[in-house]
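Novice: predicted model, plus sequence, below.
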Amino acid sequence: MLNELNALESRVAEVVALCRSLRTDNDLLREQLAVAETEKQRLAERMGTACVRLEQLALQLPESKA
């Protein structure tokens, strides 16, 4: 009986350690996701600005005489 309780205690300790590890990993992944989303938004804004500038430059090109 005592051996079974010790084994159970050991297993519970393993589960607790695993939960703590997973929580830490999850927190890190949340932070990485937030950084990635911010970078994605910044890049989307830059792409929009670049598109506008390209359209403006295209309007300044002389007409082709074909």
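Specialist: Received the coordinates, thanks. Numbers count the residues shown, from 1 in each chain.

Novice: and stretch 3-19, average pLDDT?
Specialist: Stretch 3-19 shows a mean pLDDT of 97 in the predicted model.

Novice: actually stretch 47-59, sorry about that
Specialist: Stretch 47-59 comes out with an average pLDDT of 96.

Novice: residue 33 and residue 56: what is the separation?
Specialist: 35 Å (CB to CB, to the nearest Å). Bear in mind the C-beta positions are built from the backbone N, C-alpha and C, glycine included.

Novice: check residue 2 too.
Specialist: 81 Å.

Novice: between those two, which one's more packed in?
Specialist: Each of residue 2 and residue 56 has its neighbours counted (other CB atoms under 10 Å); residue 56 has more, 9 against 6.

Novice: host element of that one?
Specialist: Using DSSP states H and E, the element containing residue 56 is helix 2-60.

Novice: how far off centre is that helix?
Specialist: Between the centre of helix 2-60 and the centre of its chain there are 4 Å (CA atoms, centre = their mean, to the nearest Å).

Novice: now swap in stretch 54-61 and tell me
Specialist: 35 Å.

Novice: now it: buried residues?
Specialist: In terms of neighbour count (16 or more other CB atoms under 10 Å), stretch 54-61 has no buried residues at all.

Novice: next one: stretch 29-44
Specialist: By 16+ other CB under 10 Å, stretch 29-44 has no buried positions at all.

Novice: secondary structure class for residue 63?
Specialist: Here residue 63 is recorded as coil under DSSP: H, G, I helix; E, B strand; the rest coil.

Novice: what about it, distance to residue 54?
Specialist: 18 Å.

Novice: what's the answer for residue 21, then?
Specialist: Per CB to CB, residue 21 is found 48 Å from residue 54.
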